[in-house]
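S.K.: Generate coordinates for the sequence data below:
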Amino acid sequence: MKHVRTITPDAPVAQMDDMTGLPGIVIACLRHWNRGGAAAALGLLRAHMSEATACASFEALQDLTDVLGPHIRRPLRCHAPQCQCVGLDEAAFARFVEEAALGEREEALMLASLLVAPRGIMPLADAAHRLGLTLHRAVLQQRTQGFPDPANQTRH
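M.R.: I've put the predicted structure just below:
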């Protein structure tokens, strides 16, 4: 007896409010790229980080999409940029980039194998590593800018 598949690639698995830090930015970039192309993704990055960081992140995102394009198994399903739901494909892609950025190479390679054909696994994981690191640095910079300066300027 075959079971009916009720889980679709765009089925909601989380809320954007739950996606803080790196996964949230990755999902936002993916959505903007899918809906408005490179210009929309670059505009999003420029709105949330410095020009230098936005450009570095954008170059890494371009590298990732260049690898993803010819090797992808099927198109990733994304919600609209303003939607609060996070789809299954979006969550898996964000997890993949996060694992690659944080140095979990085996996990990243396994997740990449679900996204692309075998020839694209290594290049995709490398591109995700670069993208994830630039975005992770941007997240850390934003967090540290929120800390007040210490009363004592002496650094030890």
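S.K.: what's the single longest helix in this protein?
M.R.: helix 22-48 (DSSP state H).
S.K.: elements contacting it?
M.R.: helix 51-71, helix 88-101, helix 121-145 (3 or more CB pairs under 8 Å, 6 or more residues apart in numbering; DSSP states H and E). The way it works is simple: take the backbone N, C-alpha and C, and place the C-beta from them, glycine included.
S.K.: residues in contact with the shortest one?
M.R.: Surrounding helix 88-101, the residues in contact under the criterion CB atoms under 8 Å, 6 or more residues apart in numbering are 7-11, 13-14, 19, 22-24, 26-27, 30-31, 64, 76-79, 86, 107-108, 111-112, 114-115, 125, 128-129, 131-133, 135-136.
S.K.: Quick check on these: which are buried?
M.R.: Neighbour counting over the contacts of helix 88-101 (16 or more other CB atoms under 10 Å) leaves 10, 14, 19, 22-24, 26-27, 30-31, 64, 76, 78-79, 86, 107-108, 111-112, 115, 125, 128-129, 131-133, 135-136 as the buried ones.
S.K.: list the contacts for V67?
M.R.: Neighbours of V67 in contact, by CB under 8 Å, 6+ apart: 116, 120, 123-124, 127.
S.K.: ok, 6 Å please
M.R.: 120, 123-124, 127 (CB atoms under 6 Å, 6 or more residues apart in numbering).
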